[in-house]
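J.: what would the 3D arrangement of this be:
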Amino acid sequence: MSNGDEKIVAAVVSFLDRQKLDYEKGEAQHCTQFRVQTGAQKATVSVYNSGKIVVGGGDSRLKTLLIEMKQALEAGTVGPGQALPFEIEKFPQTIRERVPDCDPVIVVFIEEAIKCIKNEALLAAAFMIGAASERAVNLLIHTYADAIREDANKAKFIGRISNRNISKKYEEFVSSFKSCKSRPTDPVLNDIDVVIGTTFQFCRITRNEVGHPQIVPDLERGVLIANLGNFVTYIERIYKLMKHFRDNGVVV
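T.: Numbers count the residues shown, from 1 in each chain. Okay, here's the model as predicted:
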């Protein structure tokens, strides 16, 4: 059991994991302490059983980041595991850092989605996220098609996805990918349902509810933010798959 407030400790762990920071977690008197490091920069975060958060260490970009985390958690405006407000602002920058060759159309639509969320325009935000997702998945599917080695099989696959909506294209892609003989050995990339499939379907459904309205969709801000928080990993995973297809080809 943590010496520090368990909910805040869990939120700190979630934040550090999302930021991909190295850390050691330990227990001290009346608090749970994290020793955090990135490169040569080091800092500490102490979470007390009263809920108080103390950030220590010399001045650095890491310490500034942790202070921003502390301020957001103390404001108490987000649920457990959700991206913090200042993290959302940095999503486009994070995508560019992790995926330097990311299509600029994707980044622009994510920037627009963030503006919409900040202004409580949730329907518009859902549409922007859906548009960014569709662009990414289309790039994934067509990269897969281009990488198919045998011309006859390539032509068959292209025929199955031509003039189809994104949902049907994705179904054809998943079916072909799961039966192809050149899937990546990395289990994280091999299981496309976990991150790519889940995020794609959420984005597609919410975008359709906005773009083809029958009623006003009941969208929750927290749910949109949570899925936007997954978007960095989603794009990163898609681009790693595309690189695998380009580097190794596709055998179906």
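
J.: Three-state assignment for the closest residue to residue 111 other than its chain neighbours, please.
T.: Among residues not flanking residue 111 along the chain, residue 92 sits closest, at 5.1 Å (C-beta to C-beta, 6 or more residues apart in numbering). (C-beta placed from N, C-alpha, C; glycine too.) At residue 92, secondary structure determined by DSSP: H, G, I helix; E, B strand; the rest coil is helix.

J.: I figured residue 92 hits residue 106, correct?
T.: No - applying C-beta atoms under 8 Å, one finds residue 92 not in contact with residue 106, separated by 9.4 Å.

J.: between those two, which is the more surrounded one?
T.: Neighbours were counted for residue 92 and for residue 106 using other C-beta atoms under 10 Å; residue 106 has more, 23 against 20.

J.: ok, now which ones touch that one?
T.: Applying C-beta atoms under 8 Å, 6 or more residues apart in numbering to residue 106 gives the contacts 95, 132, 135, 136, 235.

J.: roughly how far does the residue nearest to residue 111 sit from residue 110?
T.: For residue 92, the distance to residue 110 (C-beta to C-beta, to the nearest Å) stands at 6 Å.

J.: got a list of what the residue nearest to residue 111 touches?
T.: 107, 110, 111, 114.

J.: pLDDT at the last one, what is it?
T.: Residue 114 is assigned a predicted lDDT (pLDDT) of 91.

J.: where does the prediction get shaky in the stretch 151-252 of the chain?
T.: 213-217 (pLDDT under 70).

J.: quick one: residue 65 and residue 19 touch, right?
T.: Yes - counting by C-beta under 8 Å, residue 65 does reach residue 19; the two are 7.2 Å apart.

J.: out of the two, which sits in the busier spot?
T.: residue 65 (21 against 17).

J.: and that one, that's in a strand?
T.: No - Residue 65 is assigned helix when assessed by three-state DSSP, not a strand.
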